[in-house]
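A.B. asks: what follows is a predicted structure for the sequence shown.
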Amino acid sequence: MNNYFFMFSVIATMRDLKRKDKLVEAAGDAYGKTLFLAVLDVCNDESVKQCINGIKDRHVDVLINNAGIGLVGPIESIPIEEMKKVFETNFFGVIRMIKEVMPDMKKRRAGHIIVVSSVMGLQGIVFNDVYAASKFAMEGFCESLAVQLLKFNVM
C-alpha cells in the first residue's frame, strides 16, 4: 500500500480579522501551515475580488459559502433596509462568490461549490419570512446552476 501525502490549504475568511483569536486558538498548529486567514465581505464586490485574487493562481478547488445572517420578527415591524441586508448576505453574497470562482473552475473543468442553506430554504417558519425567502431564493438559484455546471465537472 502506498502512502500519499496530500497538501491542502484552507483559507478561512471573515470581515474583521480583529475577531480571529478564537479561530486561531482552535486551529492550533495548523494556523499558518495549512490554515490561513483572509479578509472577506461577501456584500462587497471589491472585497470578493481582492480575496480571490489573493489566492495563488486564483486556484480554488472547493468553495464553501457559509456566510449568513438571520432576521426574526413580524414582517410589519421590519424595515425594508433590514430585509435587503439579509438578501445581500444570504443570496447575493453567494452569487458574488460563485461568480468570482466559477470561470476558473470551468476552465480547469474541476471544482466543488458547497452552499450552506437551512431547512427554512425548503419550509417557511413563522416570523422568519425574510430569512426563509432568502434561503428559498438561494436553493432555486443553486438547483438551476448545478445543472449548467455538471458539463464542466463542477459540482
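C.D. replies: That came in fine, so what should we check first? The structure presented is a predicted model; accordingly, all values stated were derived computationally and were not measured. Numbering: from 1, shown residues only.
A.B. asks: for the rest of this, base every contact and every neighbour count on C-alpha atoms.
C.D. replies: Noted.
A.B. asks: for stretch 7-24, measure first residue to last.
C.D. replies: 20 Å (C-alpha to C-alpha, to the nearest Å).
A.B. asks: what comes up buried for that stretch?
C.D. replies: Buried residues in stretch 7-24, defined by neighbour count with 16 or more other C-alpha atoms under 10 Å: 11, 13-14, 24.
A.B. asks: contacts for it?
C.D. replies: With contacts defined as C-alpha atoms under 8 Å, 6 or more residues apart in numbering, stretch 7-24 is touched by 31, 33-41.
A.B. asks: filter the residues you listed down to the buried ones.
C.D. replies: Using 16+ other C-alpha under 10 Å as the burial test, the contacts of stretch 7-24 include 35, 37-41 as buried.
A.B. asks: between these, which sits nearest residue 103?
C.D. replies: residue 40 (19.4 Å; C-alpha to C-alpha).
A.B. asks: show me the contacts for the closest one.
C.D. replies: Shown in contact with residue 40 (C-alpha under 8 Å, 6+ apart): 13-15, 47-48, 51.
A.B. asks: kindly recompute the last result at 6 Å.
C.D. replies: 13-15, 47 (C-alpha atoms under 6 Å, 6 or more residues apart in numbering).
A.B. asks: what about it, distance to residue 84?
C.D. replies: 19 Å.
A.B. asks: helix, strand or coil for residue 36?
C.D. replies: strand (DSSP: H, G, I helix; E, B strand; the rest coil).
A.B. asks: for the residue nearest to it when sequence neighbours are not counted, grab phi and psi.
C.D. replies: The spatially closest residue to residue 36, leaving aside those adjacent along the chain, is residue 11, at 4.8 Å (C-alpha to C-alpha, 6 or more residues apart in numbering). Backbone torsions for residue 11, taken as degrees, to the nearest 10, come to phi -110, psi 110.
A.B. asks: low-confidence ranges in the chain?
C.D. replies: Scanning the chain for pLDDT under 70 picks out 1-6, 120.
A.B. asks: how about 80 then?
C.D. replies: Low-confidence regions of the chain, defined here as pLDDT under 80, cover residues 1-7, 118-122.
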